[in-house]
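Chemist: Just a sequence and a predicted model for now, questions to come.
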Amino acid sequence: MFAITVENLTKEFGNFTAVNGLSFNIEQGEVFGLLGPNGAGKTTTMSMLSTMLKPSCGKASVNGYDILNNEDEVRRSIGIVFQDQSLDEELTAYENMDFHGRLYRLDKGIRKKRIIELLELVELADKKENLVKTYSGGMRRRLEIARGLLHEPKVLFLDEPTLGLDPQTRNHLWDYIEKLSREKGITIILTTHYMEEADKLCNRIAIIDKGSIIALGTSDKLKKDVGVDIIKIVSSEKEKLWSAVSSMPGIKNIEIHDDSLTIGLKDAEKHVVKIINMAYSRDIPIGSISIHKPTLEDVFLHFTGRTIREEEASGKEQMRMMRRLRR
């Protein structure tokens, strides 16, 4: 049995379609990533699956429970770490955990035992009596993850769990998430716009663009689907360089982004000298040139025609539109 099944799930806000006919299944114990920019539909999908938003159409089940007809059962079987902080800063870590356990009507003895175990898991046991307002951003995220696990959910939703954290803290949290999946067998659905986060943690990745899944598979499969090596050239005359290079044989795709030109082709090492000579013969300056195998960033570029950073700019405008529509 799948932990999560989704069929033609759609959410509309007025004339704006935030999620457009998503369909996918998630295996029990799998770490499943939703990758995409802000405004792509990741959080809206998460909100529907956790019963906080009702879909406009389509259906889905979580742990065998229908998200429309069995809302209470879904909620009892899931844990959520929201994108925005939801801790009470005037309570201690232990008090936040205890209050959460009371909401789920956990027996006092079981509640106390689990709180201590989970605080030890996220290395906050020695800070359990400290007020949350004294915690760093990374400590708060670890506490939120521990709180989400208190009632032993079968599925854990992590909505941008490392957003805004420094790289060291982010890597620290990645270790906890991997440990949860490996040792406790919890199914995790993770939304993120950090490519390296999805690459490291997820068994499979769905890339969402404008509310639709544009690619789905393991990280390795998605990279192989690109099918080419990547050459990135920084030049102050990238349009002129694009015109010169686009006529070369063997070019699979070529795109202009920011201050650089991105070229996809097979056996890139064999073509670098030709490209440099062509640029030199036409007095086109080259600031730098690099070659690499496809990354998830390249996968996103391949399927959307834009980089994740460019897509985020339009995603922010979509988020503003959604807020206006909700008001």
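Modeler: Yep, it's here.

Chemist: Let me see the contact set for the residue of the chain most remote from its centre.
Modeler: Distance from the centre of the chain peaks at S281, with 43.9 Å (CA atoms, centre = their mean). Listed by CB atoms under 8 Å, 6 or more residues apart in numbering, S281 has no contact partners. Placement of C-beta: from N, CA and C, glycine included.

Chemist: hmm, 10 Å instead?
Modeler: Neighbour list for S281: A244 [criterion: CB atoms under 10 Å, 6 or more residues apart in numbering].

Chemist: Over to it: give its phi and psi.
Modeler: The phi/psi pair for S281 (degrees, to the nearest 10) reads phi -70, psi -20.

Chemist: Would you mind measuring from it to P249?
Modeler: Distance from S281 to P249, counting by CB to CB, to the nearest Å: 17 Å.

Chemist: Equivalent analysis for K274, please.
Modeler: 10 Å.

Chemist: From the structure, what's the count of residues near the nearest residue to D298 once chain neighbours are set aside?
Modeler: Counting by CB to CB, 6 or more residues apart in numbering, D298 lies nearest to I230, which is 5.2 Å off, once chain neighbours are set aside. If you count neighbours by other CB atoms under 10 Å, I230 ends up with 21.

Chemist: Just the element for I230, please.
Modeler: Assigned by DSSP states H and E, I230 belongs to strand 229-234.

Chemist: Need the three-state assignment for the nearest residue to G137 once chain neighbours are set aside.
Modeler: Nearest-residue entry for G137: L165, 5.7 Å, with adjacent residues in sequence omitted and distances by CB to CB, 6+ apart. For L165, the assignment made with DSSP: H, G, I helix; E, B strand; the rest coil gives coil.

Chemist: hang on, isn't the residue nearest to D298 packed against H257?
Modeler: No. When contacts are counted by CB atoms under 10 Å, I230 is not listed as touching H257 (11.8 Å).

Chemist: what is in contact with the two at once?
Modeler: Shared contacts of I230 and H257, defined by CB under 10 Å, 6+ apart, comprise L301.

Chemist: Pick out the least confidently modelled helix or strand of this structure, by mean pLDDT.
Modeler: helix 308-326 (a mean of 47; mean pLDDT, DSSP states H and E).

Chemist: about what we covered before: please identify which of K274 and P249 sits among more neighbours.
Modeler: Counted by other CB under 10 Å, K274 and P249 do not tie: K274 has more neighbours, with 13 against 7.

Chemist: Would you double-check that that one falls in a strand?
Modeler: No. Going by three-state DSSP, the assignment for K274 is helix, not a strand.

Chemist: Got the confidence number for it?
Modeler: At K274 the predicted local confidence, pLDDT, stands at 87.

Chemist: what's the distance between it and V228?
Modeler: 16 Å.

Chemist: what does S86 give?
Modeler: In terms of CB to CB, S86 sits 43 Å off from V228.

Chemist: which one of these two has more residues nearby?
Modeler: V228 (19 against 14).

Chemist: could you list every residue that touches the residue most central in space within the chain?
Modeler: Closest to where the C-alpha atoms of the chain average out (CA atoms, centre = their mean) is T192, at 1.9 Å. By CB under 10 Å, 6+ apart, the contact set of T192 is 33-36, 42, 158-163, 198, 201-202, 205.

Chemist: how close does it get to S219?
Modeler: From T192 to S219 the distance is 13 Å (CB to CB).

Chemist: Give the residues shared as contacts by those two.
Modeler: Going by CB under 10 Å, 6+ apart, residues that sit against T192 and also against S219 are 33, 35, 198, 201-202, 205.
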